[in-house]
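Peer 1: Fold the following, please.
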Amino acid sequence: MPWSRIREKTIDHTKVTILGAGHAGRGIASYLSIHGFEISLYNRTIENVKGIIDRGGIDAHGIIEGFAPIKLVTDDIAAAINGRNILIITVPAQAHPFFAETMGPYLKSEQAVLLMPGRTGGALEFARILKLNSFTDDILLGEAQTFSFVSRTTGPDSVLISSIKNSVRISAFPASLNRRMLKSLKRLPLAFELADDVMETSLNNMGAMLHPAPTILCAGLLESRQGGHNHYHEGISKTVGHLVERMDAERVRVAQKFLAHPVCLLEWLKNTYDAKGNTLYECLRSIDTYDRVGSPSSLEHRYVLEDIPTGLVPISYLGTLAGIETPAIDAVINIACQLYRRDFWHRGRNLESLGFKGLNLSEIKEYVQTGVLPDDYSSIQEMLGSLDLEVDER
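Peer 2: Numbers count the residues shown, from 1 in each chain. Predicted coordinates:
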């Protein structure tokens with residue numbers, strides 16, 4: 001697609017829809033708009049974006065300053081995605097099933113759908129729901145390991161973007177479409193790198209490490225003071241940091257069963273934020289971006305309600321499948337179940353919702369690369385055999 005320079009701003013004719021108008025959605029919508037992209041913004045609750053509708057866009061502050069016009073702000077998902085090239089879903093991961101079911105009838109071939117982030121297994125769950133609803137169009141579906149920005153809503157029509165990550169790993173599902181996905185997303189002024197597959201983006205879920213345990217352990221403070229502290233610098237003390245490091249070591253051991261090169265949390269912080277230090281406690285205090293990140297104001301927050309059922313729970317289930325024990329991760333899940341009086345194990349992503357039920361490790365590795373389940377592959381072989389054709393298994 002042709003590019004042109006107008007008033008020091010890059011204009012691209014790629015049309016982008018952002019689905020979800022929270023902190024993350026407003027950040028990426030305003031950033032891309034200021035960079036010259038035509039943006040549509042979808043939100044399920046139209047009242048929450050009335051300020052943006054009335055203003056005609058978003059005031060962006062921080063590392064980028066300016067007014068970001070938004071062409072369409074709507075709660076009509078068909079209108080939001082019609083004729084758009086790239087669809088970026090920025091909602092909490094527990095809402096992914098709603099979007100898979102609701103978007104399916106309106107998706108068209110060649111559209112790129114990116115879950116940002118997918119958390120653990122987002123694209124797998126999304127693909128399974130599309131398949132259950134008999135969706136067959138040739139879309140590009142993928143997920144990001146994390147969100148590209150640190151951004152916060154500061155008013156009904158404004159957002160603060162305090163940081164952009166050095167790079168974000170992405171993968172298509174299946175991974176055989178990785179190059180096509182990257183080619184599509186490279187049109188955006190964001191730093192994307194290809195992961196091997198969605199097991200890499202899923203099992204390198206750092207939010208599941210950094211968010212739930214500190215939030216739960218600050219439960220008394222959150223309830224009595226409605227938060228007000230810094231989640232990373234005050235909520236993660238040396239002792240809490242040691243617990244998170246043990247959780248991360250378990251995550252890495254699980255990941256080693258599926259990935260060639262899993263990344264530990266400290267390595268990720270150093271690569272993403274240029275953090276310095278030998279412990280999690282030291283690394284977090286070296287990241288200036290986290291100076292301005294507050295805490296949840298209540299326990300009803302995505303740091304638990306998202307990151308446990310779509311982060312820790314599927315990691316634990318994958319550990320069981322791989323024969324890896326995860327006692328620290330399981331302890332945090334169980335405490336959350338008792339504290340919230342909710343069964344996060346039952347509500348969370350499991351092997352069935354990921355499409356892995358009945359598969360072994362080698363079959364899972366093949367599935368995320370090809371998108372073909374063993375039963376489907378056998379059917380293809382039988383069909384070709386009846387036609388006296390051979391399957392090339394090279």
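
Peer 1: Hmm, Pro309 is touching Gln94, no?
Peer 2: Yes - the criterion here is CB atoms under 8 Å, and Pro309 meets it with Gln94 at 6.0 Å. Yep, even glycine has a C-beta here, placed from its N, CA and C like the rest.

Peer 1: Between the two, tell me which one has more neighbours.
Peer 2: Neighbour count, other CB atoms under 10 Å: between Pro309 and Gln94, Pro309 has more, with 25 against 18.

Peer 1: Just give me the neighbour total for the nearest residue to that one once chain neighbours are set aside.
Peer 2: Residue nearest to Pro309 in three dimensions, not counting chain neighbours: Gly348, with 3.6 Å by CB to CB, 6 or more residues apart in numbering. For Gly348, the neighbour count with other CB under 10 Å is 22.

Peer 1: ok, Gly348 - contacts?
Peer 2: Residues near Gly348 by CB atoms under 8 Å, 6 or more residues apart in numbering: Ile308, Pro309, Thr310, Leu312, Val313, Pro314, Tyr317.

Peer 1: Could you pick out which of those residues are located in strands?
Peer 2: Among those, no member falls in strands (DSSP state E).

Peer 1: now these as JSON lines including distance to His211 and pLDDT?
Peer 2: What follows is the contacts of Gly348, written out as JSON lines (distance: CB to CB, whole Å; pLDDT from 0 to 100):
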{"residue": "Ile308", "distance to His211": "9", "pLDDT": "98"}
{"residue": "Pro309", "distance to His211": "12", "pLDDT": "98"}
{"residue": "Thr310", "distance to His211": "11", "pLDDT": "98"}
{"residue": "Leu312", "distance to His211": "10", "pLDDT": "98"}
{"residue": "Val313", "distance to His211": "14", "pLDDT": "98"}
{"residue": "Pro314", "distance to His211": "15", "pLDDT": "98"}
{"residue": "Tyr317", "distance to His211": "19", "pLDDT": "98"}
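
Peer 1: sec struct for the one residue sitting closest to the centre of the chain, please.
Peer 2: Centroid check for the chain by CA atoms, centre = their mean gives Pro117 as the closest residue, at 1.0 Å. Of the three states, Pro117 takes coil under DSSP: H, G, I helix; E, B strand; the rest coil.

Peer 1: Isn't it up against Thr146?
Peer 2: Yes - using CB under 8 Å, Pro117 is in contact with Thr146, at 5.0 Å.

Peer 1: Spit out the residues that contact those two alike.
Peer 2: Contacts common to Pro117 and Thr146, judged by CB under 8 Å, 6+ apart, are Gly207.

Peer 1: Residues contacting stretch 257-268, please?
Peer 2: With CB under 8 Å, 6+ apart, stretch 257-268 has contacts from 196, 199-200, 203-204, 206, 209-210, 244-245, 248-249, 251-252, 255-256, 271, 275, 277-280, 283, 318, 322-324, 361, 364-365.

Peer 1: starting at the chain centroid, how far to that stretch?
Peer 2: 17 Å (CA atoms, centre = their mean, to the nearest Å).

Peer 1: just stretch 79-99 next, same as before
Peer 2: Relative to the chain's own centre, stretch 79-99 is displaced by 12 Å; criterion: CA atoms, centre = their mean.

Peer 1: measure it end to end?
Peer 2: Start-to-end span of stretch 79-99 (CA to CA, to the nearest Å) is 14 Å.

Peer 1: For the biggest helix by length in the chain, give the mean pLDDT please.
Peer 2: Looking across the chain with DSSP state H, the single longest helix is helix 238-255. Regarding helix 238-255, the rounded mean pLDDT is 98.

Peer 1: Let me see the residues that make contact with it.
Peer 2: Contacts of helix 238-255 (CB under 8 Å, 6+ apart): 199, 203-205, 208-210, 213-214, 217, 236, 262, 264-265, 279-281, 284, 315, 318-319, 322, 324-329, 332.

Peer 1: For Ser184, which residues are in contact?
Peer 2: By CB under 8 Å, 6+ apart, Ser184 lies in contact with Asn85, Ile86, Ala112, Leu140.

Peer 1: let's see 6 Å
Peer 2: Counting by CB atoms under 6 Å, 6 or more residues apart in numbering, Ser184 makes contact with Ala112, Leu140.

Peer 1: Kindly report the same for Ala21.
Peer 2: Residues in contact with Ala21, defined by CB under 6 Å, 6+ apart, are Leu41, Asn43, Val49.

Peer 1: just checking, it is part of a strand?
Peer 2: No - counting by three-state DSSP, Ala21 is not found in a strand; it is coil.

Peer 1: distance of Asp291 from Glu352?
Peer 2: 42 Å (CB to CB, to the nearest Å).

Peer 1: and what of Asp197?
Peer 2: 20 Å.

Peer 1: Please identify which of the two sits among more neighbours.
Peer 2: Applying other CB under 10 Å to Asp197 and Glu352 shows that Asp197 carries more neighbours, namely 23 against 11.

Peer 1: Could I get the contacting residues of that one?
Peer 2: Shown in contact with Asp197 (CB under 6 Å, 6+ apart): Ser171, Ala175, Val368.
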